[in-house]
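Enquirer: fold the following, please.
(chains A and B)
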2 protein chains.
Amino acid sequence: MTTQIPDAVKPWFDAPEFATIATMLPDGQPHLSVVWVERDGDELLVSTVKGRRKHLNIEKNSKVTLLVFPKEAPYSYVEVRGTATMTEEGGRELIDRAAKAYMDLDRYPMDDGTDNVRVVVRITPEKIVTLLR
Amino acid sequence: MTTQIPDAVKPWFDAPEFATIATMLPDGQPHLSVVWVERDGDELLVSTVKGRRKHLNIEKNSKVTLLVFPKEAPYSYVEVRGTATMTEEGGRELIDRAAKAYMDLDRYPMDDGTDNVRVVVRITPEKIVTLLR
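Expert: Predicted coordinates:
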């Protein structure tokens, strides 16, 4: 079962707005972080780094939830509950596209000089809750 | 064990900024919503309504995590992982104080004409992660 992203909120993923993603820590506590997000049809892509907290959490528990409230309309939001799959394929390309979208840079600068292995987190929505105000 | 809120991020809770709160749905999926937040020393207060999703989730699982990234500095954030307790006492006063802080209204307008029972969610931090950029 998948769920479609409503047209009304697509601009938030394409704008781009910052998103908050929740994953599960091994002890059952939710973990939150701020992420860039790219929309691929009705799926959402988020970049992380191999070995980083988000990567470790999703490896253990693929249930993730992502929320966006637009900067200029913070009483509106979309909450996407779904399942994440991860792959290293395209990891560098994704973070560079996001750097272009969010920072207008051709290349993500913060990984320069590191041996970070970039991972694509692909979120398939199972339930989407939207409130427009 | 409690944890102190760093001075550098206190203005975000007093500004006020919007926060995202994660609670756990009964099926183990994280639930996210956008909330107003008030700081009481090193604890954080969030308002909800009896019977609403957040209230039901916290009744079953008191582990909650709250994140703020400032609107004007979205690459900085504070993530507060903690435990929530709930009480109806002071529930109306909290939502009215928040309406003042966030909307400059003396009284929260959206509950007018409803029989909403307002609940105070008090979050005691157990771990705080801060990134300032």
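Enquirer: average pLDDT for the helix or strand where A:Ile128 lies?
Expert: Taking DSSP states H and E as the criterion, the element that holds A:Ile128 is strand A:118-131. Averaging pLDDT along strand A:118-131 yields 97.
Enquirer: with only the CA atoms kept, save that strand in CSV.
Expert: C-alpha atoms of strand A:118-131 as CSV (Å, rounded to 0.1, in the frame of the first residue of the first chain):
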residue,chain,number,x,y,z
ARG,A,118,26.6,8.9,1.3
VAL,A,119,23.4,6.9,1.6
VAL,A,120,20.1,7.5,-0.1
VAL,A,121,17.1,7.0,2.3
ARG,A,122,14.0,6.4,0.2
ILE,A,123,10.8,6.8,2.1
THR,A,124,7.7,5.1,0.7
PRO,A,125,4.6,6.7,2.3
GLU,A,126,2.0,4.5,4.0
LYS,A,127,0.0,7.3,5.6
ILE,A,128,0.0,11.0,4.9
VAL,A,129,-1.7,13.6,7.1
THR,A,130,-2.0,17.1,5.7
LEU,A,131,-3.4,20.2,7.3
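Enquirer: partners of that strand in the sheet?
Expert: Each strand that pairs with strand A:118-131, with its direction, by DSSP bridges: strand A:43-49 (antiparallel), strand A:77-87 (antiparallel).
Enquirer: quick one: buried residues of that strand?
Expert: Neighbour-count burial for strand A:118-131, counted by 16 or more other C-beta atoms under 10 Å in any protein chain shown, picks out A:Arg118, A:Val119, A:Val120, A:Val121, A:Arg122, A:Ile123, A:Thr124, A:Pro125, A:Ile128, A:Val129. No exception for glycine: its C-beta is placed from N, CA and C like everyone else's.
Enquirer: can you lay out those residues as JSON lines showing distance to B:Asp111?
Expert: Converted to JSON lines, the buried residues of strand A:118-131 look like this (distance: C-beta to C-beta, whole Å):
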{"residue": "A:Arg118", "distance to B:Asp111": "46"}
{"residue": "A:Val119", "distance to B:Asp111": "44"}
{"residue": "A:Val120", "distance to B:Asp111": "43"}
{"residue": "A:Val121", "distance to B:Asp111": "38"}
{"residue": "A:Arg122", "distance to B:Asp111": "40"}
{"residue": "A:Ile123", "distance to B:Asp111": "34"}
{"residue": "A:Thr124", "distance to B:Asp111": "36"}
{"residue": "A:Pro125", "distance to B:Asp111": "31"}
{"residue": "A:Ile128", "distance to B:Asp111": "26"}
{"residue": "A:Val129", "distance to B:Asp111": "21"}
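Enquirer: chain B: which of these is nearest?
Expert: Proximity of the buried residues of strand A:118-131 to chain B, judged by C-beta to the nearest C-beta, is greatest for A:Val129, which lies at 8.8 Å.
Enquirer: can you read off the pLDDT for the most centrally placed residue in chain A?
Expert: Centre of chain A computed as the mean C-alpha position; nearest residue by C-alpha atoms, centre = their mean is A:Val46, 3.4 Å away. Note on A:Val46: pLDDT of 98.
Enquirer: distance of it relative to chain B?
Expert: 14 Å (C-beta to the nearest C-beta, to the nearest Å).
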